[in-house]
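> Provided below for reference: sequence and predicted model.
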Amino acid sequence: MKPIVQYKEIHKSFGDTHVLKGINLDINPTEKLAIIGPSGSGKTTIIRLLMTLEEPSDGDIIVDGTNLWKIEAGGKEKKANEKHLSKVRNDIGMVFQHFNLFPHKTILENCVVPLVNVRKMNKKEAAELAENMLERVGLGDKYDSYPSQLSGGQKQRVAMARALVMKPKIMLFDEVTSALDPELVGEVLEVIRDLAEHEDMAMVLVTHEMDFALEIADRVLFLDEGVIAEEGTADEVINKSDNPRLQDFLKRFRGETVTGQ
Amino acid sequence: MWSWETFADAFPIIITGITVTLGLTITSYALALAAGFIWLALESTPLKIFNFIVYWIREFIRSTPPIVQIFFLYFAWPMVPYIGTSFTPFVAAMLALGIHFSTYIAEVYRSGIESVDKGQWEAAKALNFSQKDTWLKVVLPQALPPTIPMLGNYLIILFKEVPLAATIGVVGILSLARSYGANTWSYIEPLTIVAILFLVLSYPSALLIRQLEKKMNRRFDKKNMKVKVTE
């Protein structure tokens, strides 16, 4: 299968901090990929580069055969302009840790506004599509509420509906349960589980939910200090690896979870 | 001393100046609101040095007294080679006050825009909004409402600066009061009338702004907005 996303020797620095140190990664069109790793390992940066929220310092990202950050102009390579980025971005959707819903719009409008303005859909069609999607994430009775009236879990489900109505080929999930109260995590994971089972888009999850990654991911990457330190099926990485850094991470992580609850 | 007769005599004369005073307030405020955006646009071009120069021009205008600017536009501008042209007193005062206040208003807009969470820009980008839609649908609808009380305060301050225009002969309520005084040797009543008119017009506006401010704080999410406003 031809990969839908390819990272080629991707480096990223913020000032003096070298966050990603040569990432090579192929993502298949229907793959469910989980990225785990300690904080500061660069896992969020990987997907932010794909969403064009950050620019790589070096290397190439190829999305569906198109170089994301570079264009050819008169036989020479140039930095991609906004028009090019916007074209590639059309296939990518993202859900954020802090939801980032539009607070001045109702939850229905949150989903309708991008359809009308970006996909140029008419209002009626957009509203229908948005209502179906909100129904699917279990918020069919909240169309006219404002984000501030919802719980964190509900907000995150709206954020997923908003990204999904755009029909991306690649969906990125940036620690989508990290800002939630523990009792609200389940309802959000439930939606992701539903997507993983029924949608054939590529999904990349940056997550701290180990058991969840184990359950739905086709492949897990362990990122450590800016490099992919371990990769394989969830079972291989989480249960069978003898990488000491990974062992250490898992041990600390499980310890934290136990004391945290 | 105080005479109600003089008061009654002066009042109808002075009140005729209210159209000029209010007209000057409204036109220069409209200019300030529009020019405020222009300053910000000129200060965020890709050319850093240009932005820097514009910033210092704005700082310069902001730090000079409005009356100097009124005098400059009225007396000095016609003598500037090539671009100089003479203005009527009303236009000179309107331009000077409008541009002077636009430098404050630009700062108000900036604070509003900066109060919008970074995540909002990122969400707009992830949904592939155009630059235009990002501003019109996402950023400005969140940035502007919290600035309304501040914008209202500047309107009242501007209103109280409008009598400066009397110095170049704009005939508003203050000029009329002064000439009434010069003709009759009674200054107490006409100037009291001017003060009362200013109070009557600006106090209700101040109350209105306070109401707006309360309403803004209640918008969307009380906790959330309070944090944003003070940030």
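Here it is on my side, so go on.
> so what's the residue nearest to A:L129 when sequence neighbours are not counted up against?
Spatial nearest neighbour of A:L129, chain neighbours left out: A:V165 (5.4 Å); criterion: CB to CB, 6 or more residues apart in numbering or on different chains. For every residue, glycine as well, the C-beta is placed using N, CA and C. Contacts for A:V165 (CB atoms under 8 Å, 6 or more residues apart in numbering or on different chains) come out as A:C111, A:P114, A:L115, A:A126, A:L129, A:A130, A:M133.
> Please repeat the previous calculation with a cut-off of 6 Å.
Contacts of A:V165 were listed using CB atoms under 6 Å, 6 or more residues apart in numbering or on different chains, and they are A:C111, A:L115, A:L129, A:A130, A:M133.
> Now render those as JSON lines, adding neighbour count, pLDDT and secondary structure.
What follows is the contacts of A:V165, written out as JSON lines (neighbours: other CB atoms under 10 Å in any protein chain shown; pLDDT from 0 to 100; DSSP: H, G, I helix; E, B strand; the rest coil):
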{"residue": "A:C111", "neighbour count": "29", "pLDDT": "96", "secondary structure": "helix"}
{"residue": "A:L115", "neighbour count": "24", "pLDDT": "95", "secondary structure": "helix"}
{"residue": "A:L129", "neighbour count": "20", "pLDDT": "94", "secondary structure": "helix"}
{"residue": "A:A130", "neighbour count": "26", "pLDDT": "95", "secondary structure": "helix"}
{"residue": "A:M133", "neighbour count": "22", "pLDDT": "94", "secondary structure": "helix"}
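> any idea whether A:H11 is helix, strand or coil?
Secondary structure state of A:H11, per DSSP: H, G, I helix; E, B strand; the rest coil, is strand.
> and the contacts of A:V165, which two are the farthest apart?
Maximum pairwise distance among the contacts of A:V165 (CB to CB): 10.0 Å, between A:L115 and A:M133.
> Give me the local confidence score for B:Y180.
What the model reports as pLDDT for B:Y180 is 93.
> near chain B, which residues of chain A show up?
A:51, A:53, A:86, A:89-90, A:94, A:98, A:100, A:103-104, A:113-114, A:117-118, A:148 (CB under 6 Å from any CB of the partner chain).
> Buried among the residues you listed? Make that a PyMOL selection.
This is how PyMOL selects the buried members of the residues of chain A next to chain B, with burial counted by 16 or more other CB atoms under 10 Å in any protein chain shown:
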select buried, chain A and resi 51+53+86+89+90+94+98+100+103+104+113+114+117+118
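> which residues does the residue of the stretch 151-261 of chain A found nearest chain B contact?
Relative to chain B, the nearest point of the stretch 151-261 of chain A is A:M166 (6.6 Å; CB to the nearest CB). Each residue near A:M166 by CB under 6 Å, 6+ apart is listed here: A:G93.
> how far away is it from A:G93?
Using CB to CB, to the nearest Å, we find A:M166 at a distance of 6 Å from A:G93.
> Repeat that for B:T6.
B:T6 sits at a distance of 75 Å from A:G93 (criterion: CB to CB).
> So for these two, which sits in the more crowded spot?
A:G93 (26 against 18; other CB atoms under 10 Å in any protein chain shown).
> pretty sure A:K70 contacts A:E77?
Yes. Counting by CB atoms under 6 Å, A:E77 is a contact partner of A:K70 at 5.1 Å.
> Neighbour count for those two, which is higher?
Using other CB under 10 Å as the criterion, A:K70 and A:E77 rank with A:K70 on top: 15 against 12.
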